[in-house]
Structure formats: structure tokens, C-alpha cells
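1. Sequence isn't available, so here's the structure alone:
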């Protein structure tokens, strides 16, 4: 063997490697490399980045512009552009789609055999799942950041504090959604069924989340459904953050940014974030258990 | 693994998938430093056995130790000490060759300061150092397999499992893969445990276990197995085949038949028989060929069918169940 190997060698010229006993540090390294792989793959797949943009931009520019036209001609409200209103919803949507796709890569890994390479390594299943969840959340946030960059088009000010808040909130939401996706992916064997299922889950979640309309004054059945939708609690903090940086009258604020209420009680933002985080950790826990059991 | 202990030790290993018993209580031991081959048709239980030894599948019964560790109770220790090359490729095509190896090194906790040199070393060993920056999906089938072998070696495993390492590759690539495997045995202190259903490849192994329908039907060196079958096959071309067959029966008591244009018969120690044949046949002989029994004959003598026939009769359902269970 050639190569400038300077390590202790069991045979002349051959580098021997000792694999250490399992430790927390080793598991952390595994988390990091699984995460790193997600980033490399996302970065390589520029097409995915672009195609992930199309849907949110359509919602924001086409639907947003079209519907705000309807509202202004109705003359009832005004003062708040509908584009501004749905901007947080569109951010959440984009993050949701990217996060789900990232989670879907586990199914892809299984189909292409790469999952076995990971499962036979001397690391805990948790390290692999945690790496996937954080990696997926990170990638989704990067995708979300591109949408955030379009804030100006929606009449949302480029306030550094606001941008940071949005990114942070998106990360939390993306984490929970990736957890959900990974949990599903643990059981599903083919990409087709995974994406079929995801479509089935994502559409209702989006429509029931307050991403596209305010959650006040809805019929009781719809109100109840929206309150049980986890995405609701990911969208609302985003909207609160945006409206906190807008100059709108209290009346408009009540109409467009009513917050989420439980039987009349306004759920504070910190609790919403807590709900989303708890959900993320919970789903990730279930995913870990499923991967452990699959042994 | 203390000195003198077996690299792989299997005792009464059983695997059931529902009603089907895919592996039926097999027992064997692999010596350190040996190239040990598992030979048998698809569906014989080779991959199931390997998956159990690699801790990917829980046995239904029996015990096994790999590199000195129990495959059920000391799984992590087993995993740290084995390298794996699966039957189906398990590379990430969107990562470069080097990135695939780096991923593996991090996952196995290879110390940082040796990661770089070691990656270079294994890549050079399989001749992929120059292509390290290319995405794995641009590699040919043979290159992918070589990259997988390099990856399996990266963490200096004591036992390297190769599950059908050459399946689906062209003969030239197969030959070069074998070249690496032999080189490897020279340069690393490693035990190689492999499965194959190519008879000619099994010949490269130090010892072979022949597996059929979940059990081991024979285990020995290729030479001993072939010797066990006994007789050599002699083919002669003569001026008068009918007279030659009659003379063989009369003078030597041998039953000969015409097969593929030559008079063919079996005798023990064929090479020593040929001079007597020339002396005593009485029919002019144009050409003679003597062939030793092949592993095909060995397989045939133990299982009663050729490996190809055995494959076509093995139920596909069993195979699919095993595939499903592997995932």
C-alpha cells in the first residue's frame, strides 16, 4: 500500500483503525454526519430547492394578489393586504412541504438500501433519527428563508429582528413536521405510498391551519377541527410576529390576527411554541421506538 | 477475540419466517484469517444466515458468536468488529465516493486523525482514489462494488462479510474483485465470510459450506469436497466409438456413453488410467481429455440437483419473504 499513512500499523504499511466503544460523543458524531448528509443532498439538488419555491410563490403572488383584489373591490375592509395576511401561512406551508420531503428520504434510503448501512452501524437508532429530524428541520428552514427573503413583495418589513423570529419559529415548526414525517416513514416501504399518504395528510392540515384565512368567527365544527390541527399552533406565532411589526388599527388586528382561542381564551404564543415543540419531541420519540422495534 | 478462538462460531442457529424455516439449526466455525464460503442456490438460507450474523436479523433459536461476541447480547461489539458488503448496493448515489466513506467513518466513530489517511488507503486499494470526488451514481457496477468493499474495510473489521460480492458483474470485473479480496487477505488481518452461488468462485475459498434448503449439507476445503465425489471424467475421441465402448466394457469393466461427440466415462485417478487405456483399448484414439470433478459435481452429489435447477425450483415466495424481513 502506498499513501502517506502515519498511524500505528498492525502490518507494515497498513493503517489499523480501532473503532471505539459506544459513547455519547460517538452518538453525537453520528447525529452530526446524518444531518450533514441531509445538507449535502439538499445543496446538490438545486431543482428541489427551486420546485419547492414554486408553490408558495404561487400562493403568495397569484392567489394573494387575486384574492386581495376581491376584498378591496368589496370595499368592506382594506388597510391590510391579503398578501401580508397569508405571508406567514405561506412560510409555514413551504416549510411543511420541505420537511416532509426530507423525512421521505428515509423511505428513499430504505428503497435504495442505504438505510441498512446506517442500521448496521454501531450507533444507537436514536442518533440516526435525531440526525434526520434536525437535518430535515434545518433544510426546511433554509428553504423557508428563501420565502422570508420575499417579505417585501408581501408588504412585510425587512426588520432583522422579525426575520430572526420568523426563522426561529419556522425551525421549530419544521422540526415537529419532520418528526411526523419520520414517524410515518418508519413504517412505509415505498416512496409512492409515502407521498400518497403525505398528500392526504398535508392538504387538510394546511386548509385547517389558519394559513389561508383567519380563525375567528368560524362555524363550531370548523373551529374545533382547526384547534386540533397541530399546524395551527405553528402558523399563529408566525402571524403574531409579522403583525407585531405592522402598523395596523386594533380593529383590523382583531379581524386579521385574532390569535388562537380555546373556548374564548387566547392561547399565548409561548404556549403555542411549547405545544409545537412537545409535539416534535413526542413524534421523534415514537419514530425512535419504531426504528428500535424494527430490529 | 482471544487467540485461537474462532472468528465465527455458530451453534444450532435457526430462523423461522412464520411457518417457513429458512435456516434449520446450522452449526459451523470459521477460523481466523480464513476465506470461508457459503455456497448454495438462491433461497438456500445464505443471506438469512449472514443477516443474523451481522445482527440485522434476530435468530429464532440457537447461538452464534462473531469476532468473539454474541450476536444477540453483544450486538454493538459485533457491529464494531465486522464489515459488510450487501448483496444489493447500499451507497448514497448523491454523495461522492469519498463522502460515502466519510459518512461511514463518522458513523463508526473512526478516530478523526486517522480518517483521512485510512480513506485514502482503502480507496487506493480498490483503485478509486482518482475518482473519489465523483458522485457514486456515476460509477459503473464494478466500481460501486469496489467502493462498497473499501467502505466495508474502512474501520478495520476483523470479519468482513461479503454477500454475493460479484453477483451481476461481468466476468472481467468479477476477476478483479477477487484480486482485491486475495490482496486483502495478504495485507490485513481479516477473516472473510462470503456467500456465492458461482461455483467457480467458491474454488477461491479456503473452506466451503454447501447450503441447501436451510441446512449445511457439506463443509470442507474445495479439494477435499471434490475428492469426496471421487471419480475423474475421461473423454476420448476414437476412430470407432461403438468398438471403443464395447472394448471399455470388455477389457476395463467401464460403462461408457457417447456424449457431445466423445466417448465419456468415469474412473478414479483418471491420469493414471490413460496410459493403460492406450495400451489396452485396441481402438485407435485421436484425443483424450481428463477432467477433475468440479464443485458443480460436488453440489450435485450432495443435493441431487445442479445449482441452477435448485434455483429454479426454490420457491420465489420464500425469497420474497426473506427480502421483506431483511428490510
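-> Cool, got the structure. What you see is a predicted model, and the numbers here were worked out from it, not measured in a lab.

2. Where is the longest helix in chain A?
-> Assignment by DSSP state H gives helix A:82-111 as the longest helix of chain A.

3. Show me what that helix is packed up against.
-> The helices and strands touching helix A:82-111, judged by 3 or more CB pairs under 8 Å, 6 or more residues apart in numbering or on different chains; DSSP states H and E, are helix A:24-44, helix A:46-57, helix A:64-74, helix A:114-119, helix A:125-148, helix A:160-185, helix A:191-207, helix A:230-244. Backbone N, C-alpha and C define where each C-beta goes, glycine included.

4. State the distance from the residue lying closest to residue B:93 once chain neighbours are set aside to chain A.
-> Of all residues not flanking residue B:93 in the chain, residue B:137 sits nearest, at 3.1 Å (CB to CB, 6 or more residues apart in numbering or on different chains). Going from residue B:137 to chain A by CB to the nearest CB, to the nearest Å gives 10 Å.

5. which stretches of the chain have low pLDDT?
-> Reading this off chain A. Along chain A, segments meeting pLDDT under 70 span A:1-16, A:71-79, A:294-295.

6. let's do chain B instead
-> Along chain B, segments meeting pLDDT under 70 span B:1-4, B:304-327.

7. can you give me the helices for it?
-> Remark: helices assigned in chain B by DSSP H are B:46-53, B:75-80, B:97-107, B:112-125, B:141-153, B:171-187, B:199-202, B:222-229, B:241-247, B:270-280, B:295-303, B:307-313, B:316-326.

8. quick one: the longest one to helix B:112-125, angle?
-> I take that to be helix B:171-187. Between helix B:171-187 and helix B:112-125, the angle comes out at 140 degrees (axes from the mean of the first three to the mean of the last three CA atoms, to 10 degrees).

9. Let me know the angle separating helix B:171-187 from helix B:141-153.
-> Using the same axes, to 10 degrees: helix B:171-187 against helix B:141-153 is 20 degrees.

10. sorry, back to before: and the helices and strands packed on helix A:82-111 as a markdown table, adding mean neighbour count and distance to residue B:175?
-> Formatted as a markdown table, these follow (neighbours: other CB atoms under 10 Å in any protein chain shown; distance: least, CB to CB, whole Å):
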| stretch | mean neighbour count | distance to residue B:175 |
| --- | --- | --- |
| helix A:24-44 | 18 | 34 |
| helix A:46-57 | 15 | 39 |
| helix A:64-74 | 14 | 64 |
| helix A:114-119 | 22 | 26 |
| helix A:125-148 | 24 | 37 |
| helix A:160-185 | 23 | 40 |
| helix A:191-207 | 15 | 36 |
| helix A:230-244 | 24 | 57 |
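
11. wait, which of these is closest to chain B?
-> helix A:24-44 (3.6 Å; CB to the nearest CB).

12. which other helices and strands contact that closest one?
-> So helix A:24-44, by 3+ CB pairs under 8 Å, 6+ apart, packs with helix A:82-111, helix A:125-148, helix B:97-107.

13. Any chance of TSV for the ones you listed, columns distance to residue B:23?
-> Formatted as TSV, the helices and strands packed on helix A:24-44 follow (distance: least, CB to CB, whole Å):
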stretch	distance to residue B:23
helix A:82-111	24
helix A:125-148	25
helix B:97-107	28
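
14. Which one of the ones you listed lies nearest to residue B:302?
-> With CB to CB as the criterion, residue B:302 lies closest to helix A:82-111 of the helices and strands packed on helix A:24-44, at 36.9 Å.

15. Residue of the stretch 151-300 of chain B nearest chain A, please.
-> For the stretch 151-300 of chain B, CB to the nearest CB, closest residue to chain A: residue B:156, 4.2 Å.

16. which element is the closest residue in space to that residue that isn't next to it in sequence on?
-> Leaving aside its chain neighbours, residue B:156 sits nearest to residue A:17 (4.2 Å; criterion: CB to CB, 6+ apart). Taking DSSP states H and E as the definition, one finds residue A:17 inside no helix or strand.

17. Just confirm residue A:17 contacts residue B:158, I think it does.
-> No: using CB atoms under 8 Å, residue A:17 is not in contact with residue B:158; the gap is 11.5 Å.

18. what about the two, which has more around it?
-> Between residue A:17 and residue B:158, counted using other CB atoms under 10 Å in any protein chain shown, the more crowded position is residue A:17 (23 against 19).

19. Return the residues in contact with that one.
-> A:7, B:110, B:111, B:114, B:118, B:154, B:155, B:156 (CB atoms under 8 Å, 6 or more residues apart in numbering or on different chains).

20. From residue A:25, how far out is the fifth one?
-> Applying CB to CB, to the nearest Å, the value for residue B:118 to residue A:25 is 19 Å.

21. For residue B:34, give me its contacts.
-> B:7, B:191, B:192, B:206, B:207.

22. Residue B:29 is in contact with the second one, correct?
-> No: in this structure residue B:191 lies outside contact range of residue B:29 using CB under 8 Å: 11.1 Å.

23. When the two are compared, which one has more neighbours?
-> Neighbours per residue, other CB under 10 Å: of residue B:191 and residue B:29, the larger number sits with residue B:191, 26 against 15.

24. Give me the nearest residue to that one, chain neighbours excluded.
-> residue B:7 (3.8 Å).

25. Can you give me the neighbour number for the one you found?
-> 24.

26. The nearest residue to residue A:159 once chain neighbours are set aside and chain B, how far apart?
-> Nearest residue to residue A:159, sequence neighbours excluded (CB to CB, 6+ apart): residue A:245, at 5.2 Å. In this view, residue A:245 and chain B are 39 Å apart by CB to the nearest CB.

27. for residue A:211, same thing?
-> 31 Å.

28. Confirm that residue sits in a strand?
-> No: secondary structure of residue A:211 (DSSP: H, G, I helix; E, B strand; the rest coil): coil, not part of a strand.

29. Can you tell me which residues in the stretch 101-250 of chain A are near chain B?
-> Applying CB under 8 Å from any CB of the partner chain, we find that the stretch 101-250 of chain A lies next to chain B at A:109-110, A:112-114, A:116-123, A:189.

30. Show me what residue of the stretch 101-250 of chain B gets nearest to chain A.
-> residue B:106 (3.6 Å).

31. Report the contact partners of that residue.
-> A:29, A:30, A:32, A:33, B:115.

32. Mind doing that once more with 6 Å?
-> Applying CB atoms under 6 Å, 6 or more residues apart in numbering or on different chains to residue B:106 gives the contacts A:29, A:33.

33. Would you check how far apart it and residue B:157 are?
-> Where residue B:157 is concerned, residue B:106 sits at a distance of 16 Å (CB to CB).

34. if we can go back for a sec, for the contacts of residue A:17, which one is nearest residue A:179?
-> residue B:110 (29.5 Å).

35. So that closest one is in contact with residue B:153, correct?
-> No: Residue B:110 is beyond contact range of residue B:153, at 11.5 Å (criterion: CB atoms under 6 Å).

36. how far out from the middle of the chain is stretch A:134-148?
-> 7 Å (CA atoms, centre = their mean, to the nearest Å).

37. follow-up on the earlier one: can you tell which of the helices and strands packed on helix A:24-44 is closest to residue A:259?
-> Using CB to CB, the helices and strands packed on helix A:24-44 put helix A:82-111 closest to residue A:259, at 12.6 Å.
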